[in-house]
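**Q** Dropping a prediction and its sequence here:
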There are 4 protein chains.
Amino acid sequence: MTFVHQLRPRYAEVDQQGVVFNAHWLTYFDDACTRFFESLGWDPKEAFFGDFDFMIVKAVLEWEGPAGFDEVVDIEVAPTRLGTKSFDLRYRASVDGRPACEGVITYVSVKPSTHESTPIPDAVRTRLEALVDA
Amino acid sequence: MTFVHQLRPRYAEVDQQGVVFNAHWLTYFDDACTRFFESLGWDPKEAFFGDFDFMIVKAVLEWEGPAGFDEVVDIEVAPTRLGTKSFDLRYRASVDGRPACEGVITYVSVKPSTHESTPIPDAVRTRLEALVDA
Amino acid sequence: MTFVHQLRPRYAEVDQQGVVFNAHWLTYFDDACTRFFESLGWDPKEAFFGDFDFMIVKAVLEWEGPAGFDEVVDIEVAPTRLGTKSFDLRYRASVDGRPACEGVITYVSVKPSTHESTPIPDAVRTRLEALVDA
Amino acid sequence: MTFVHQLRPRYAEVDQQGVVFNAHWLTYFDDACTRFFESLGWDPKEAFFGDFDFMIVKAVLEWEGPAGFDEVVDIEVAPTRLGTKSFDLRYRASVDGRPACEGVITYVSVKPSTHESTPIPDAVRTRLEALVDA
């Protein structure tokens, strides 16, 4: 079953065009990523500083429709690629079923508290693999 | 000559990994876009609400190296594609000559104060064309 | 019963000191304000653009302890003063019962879609009054 | 002579009321603070992590008029109080000479990379004292 994170855009996040300013989608997806790893069994505020960490290396984002202040935004999160040191998560955001923004983000695994790349830890790989195959 | 916007990351924009949080690059590029159009002869705070406006439809971002608090970031801006209603701007950010983040962003021209697409106005097209050809 | 809004600081909101960057508390309080008015029976995304709106005129904020990434932050919201055109809301944020940040914010009632002050609408006044007296 | 930091609000920072969203003023003042200490002779990206650091403990903010997208905002910065471990900076922001937002922010000196309070280092005290007396 696909993981879904739900949020409501804040007043501060909506611009004069009446839509969520584009940069906030990366923040929303980061937030969704946090909750996604929590759903896999890790406490983010400990795991990301001890067990594993990652840095963003690429993002491809496409906007498909507007999201406005306090609308209900659902963000589906799913891994779509697993390499040795890097992996992709795909985010699909919608408002009442209408597509709003889709992103595919590539992360590289790093040793916590460093910028040094390292293979994805086995425990993480196992959990992601099960979802890529799904 | 390529347009370059310079900025220095704020303390608020740097995260616990010691680097600019990823979403802020979209804001930096938006800021660079504002200054880019100013460099072409428009006053952004009037032009974007009367002469022409655009919305983001796609962004491809690649991170190549870190940028930290108060470092000097240079962002080159150049148009790389011009369609009838949409165009691409390429942003190349570097810190002391080291690449930090590169983005190619696709915008669609809209009638100011609406979300309705419209051909890129001739005055804008002419200015961008000269730079695409460069 | 005091209204409480709960949130968890995003990774993007925590700075190199390991705490929520100060400005975000105003955003958190704004978010708590949105949910507070929802709890009184209004749909914020419609009410703030048709029934009533307000602008911030003063904020007094005191920081009492840290809040870090993904901790559970509870924000109590209560009206503490009601004038003809302006009112105060008090926000008390805590993490696991430890005080983190307290704010008293003064808002002035404005006609929706304008910056023109106007008496607080009766329906809003009645609901707030009941809570100030409590 | 009073130190003045100049900035132009970004499109991302302006909300549906057409004004800079309130929380961003704390970020602007933080940015002005960075430049203020630079004007006193320190390189912020080194000084704040080695020589001295401080955390915000109180902010009193008053909004006096609007600031919109890409307007020119001037922020005057001046120390107004010096204690043993804490001090106040006053920020006065204006747009074309019209007051926009004023803030008085209290900071406590901390040992860099900790949250532990410590007396304001002598070198900092001396520089601030000269300006408080001014």
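**A** Received it, and whenever you're ready, just let me know what you need.

**Q** contacting residues for A:Val57?
**A** A:86, A:106-108, B:62-63 (CB atoms under 8 Å, 6 or more residues apart in numbering or on different chains). The C-beta positions use only the backbone N, C-alpha and C, and glycine is treated the same way.

**Q** for A:Ser113, that is, sorry about that
**A** A:Ser113 neighbours (CB under 8 Å, 6+ apart): A:49, A:53.

**Q** downstream neighbour of the longest helix anywhere in chain A in the secondary structure list?
**A** Criterion DSSP state H: the longest helix present in chain A is helix A:23-39. Downstream of helix A:23-39, the first helix or strand assigned by DSSP states H and E is helix A:44-50.

**Q** quick one: is that next one near chain C?
**A** Yes. Interface with chain C: helix A:44-50 contributes A:44-45, A:48 (CB under 8 Å from any CB of the partner chain).

**Q** now that we have those, which one has the most neighbours?
**A** Counting neighbours by other CB atoms under 10 Å in any protein chain shown, A:Phe48 leads the residues of helix A:44-50 next to chain C with 21 neighbours.

**Q** List, one by one, the residues from chain A near chain B.
**A** So far as CB under 8 Å from any CB goes, chain A lies against chain B at A:17, A:19, A:21-27, A:30, A:53, A:55-63, A:66, A:115.

**Q** Any buried residues in the helix or strand hosting A:Thr126, and which?
**A** A:Thr126 belongs to helix A:122-133 when assigned by DSSP H and E. Neighbour counts using 16 or more other CB atoms under 10 Å in any protein chain shown place A:124-125, A:128, A:131 of helix A:122-133 among the buried residues.

**Q** out of these, who's nearest chain C?
**A** Nearest to chain C, judged by CB to the nearest CB, of these is A:Val124 at 17.1 Å.

**Q** can you tell me which residues contact the closest one?
**A** The neighbours of A:Val124, taking CB under 8 Å, 6+ apart as the test, are A:51-52, A:109.

**Q** picking up where we left off before, which members of the contacts of A:Val57 are classed as buried?
**A** Neighbour-count burial (16+ other CB under 10 Å) applied to the contacts of A:Val57 gives A:86, A:106-108, B:63.

**Q** Distance of A:Arg98 relative to chain D?
**A** Separation of A:Arg98 from chain D (CB to the nearest CB, to the nearest Å): 20 Å.

**Q** how about the closest residue to that residue other than its chain neighbours, what does it touch?
**A** The shortest distance from A:Arg98 to any residue other than its chain neighbours is 5.1 Å, reached at A:Gly65 (CB to CB, 6 or more residues apart in numbering or on different chains). By CB under 8 Å, 6+ apart, A:Gly65 lies in contact with A:95, A:98-100.

**Q** Without its sequence neighbours, what residue ends up closest to A:Arg10?
**A** In this structure, A:Arg10 finds its nearest non-sequential neighbour in C:Asp31, 5.2 Å apart by CB to CB, 6+ apart.

**Q** Kindly apply the preceding question to A:Pro99 instead.
**A** Excluding the flanking residues, the one nearest A:Pro99 by CB to CB, 6+ apart is A:Glu64, at 4.0 Å.

**Q** what's the spacing between that neighbour and A:Phe29?
**A** 14 Å (CB to CB, to the nearest Å).

**Q** The two - which one has more neighbours?
**A** More crowded of A:Glu64 and A:Phe29, by other CB under 10 Å: A:Phe29, with 28 against 13.

**Q** now the angle from the top strand by length along chain A to helix A:122-133?
**A** As assigned by DSSP state E, the longest strand anywhere in chain A is strand A:98-110. Inter-element angle recorded for strand A:98-110 and helix A:122-133: 150 degrees (by axes from the mean of the first three to the mean of the last three CA atoms, to 10 degrees).

**Q** Flag every buried residue along strand A:98-110.
**A** A:100-110.

**Q** tell me what it is packed against?
**A** helix A:23-39, strand A:53-63, strand A:73-82, strand A:86-95 (3 or more CB pairs under 8 Å, 6 or more residues apart in numbering or on different chains; DSSP states H and E).

**Q** can you redo those as JSON lines with mean pLDDT and distance to B:Pro79?
**A** What follows is these, written out as JSON lines (pLDDT from 0 to 100; distance: least, CB to CB, whole Å):
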{"stretch": "helix A:23-39", "mean pLDDT": "98", "distance to B:Pro79": "21"}
{"stretch": "strand A:53-63", "mean pLDDT": "97", "distance to B:Pro79": "19"}
{"stretch": "strand A:73-82", "mean pLDDT": "98", "distance to B:Pro79": "31"}
{"stretch": "strand A:86-95", "mean pLDDT": "98", "distance to B:Pro79": "28"}
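
**Q** Please identify the deepest-packed of the ones you listed.
**A** helix A:23-39 (a mean of 22; mean count of other CB atoms under 10 Å in any protein chain shown).

**Q** show me the contacts for the residue sitting furthest away from the middle of chain A.
**A** Within chain A, the residue lying farthest from the chain centre (CA atoms, centre = their mean) is A:Gln16, at 26.0 Å. A:Gln16 makes contact with D:11, D:14-16, D:18, D:69 under the criterion CB under 8 Å, 6+ apart.

**Q** Can you select the buried ones from those residues in ChimeraX?
**A** To isolate the buried ones among the contacts of A:Gln16 in ChimeraX, judged by 16+ other CB under 10 Å, type:
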select /D:11,14,15,16,69
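
**Q** Quick one: residues contacting the closest residue to A:Arg92 other than its chain neighbours.
**A** Nearest non-adjacent residue to A:Arg92, counting by CB to CB, 6+ apart: A:Glu76, 4.4 Å away. Contact partners of A:Glu76, counting by CB under 8 Å, 6+ apart, are A:2-4, A:90-94.

**Q** Look up which residues are beta-bridged to A:Ser94.
**A** In this entry, A:Ser94 is beta-bridged to A:Asp74, A:Pro99, by DSSP bridges.

**Q** Please report how far it lies from chain B.
**A** Per CB to the nearest CB, A:Ser94 is found 17 Å from chain B.

**Q** for chain C, what are the nearby residues on chain A?
**A** Residues of chain A lying close to chain C by CB under 8 Å from any CB are A:10-12, A:27, A:30-31, A:34, A:43-45, A:48, A:68-71.

**Q** Could you identify the most distant pair in the residues you listed?
**A** Maximum pairwise distance among the residues of chain A next to chain C (CB to CB): 32.8 Å, between A:Asp43 and A:Gly68.

**Q** quick one: contacts for A:Ala93?
**A** Residues near A:Ala93 by CB under 8 Å, 6+ apart: A:25, A:28-29, A:67, A:73-76, A:99-103.

**Q** Between those residues, which sits nearest D:Leu82?
**A** For the contacts of A:Ala93, the residue nearest D:Leu82 by CB to CB is A:Tyr28; the value is 42.5 Å.

**Q** my guess is that closest one contacts A:Ile75, does it?
**A** Yes. The pair A:Tyr28 and A:Ile75 passes the contact test of CB atoms under 8 Å, sitting 6.4 Å apart.
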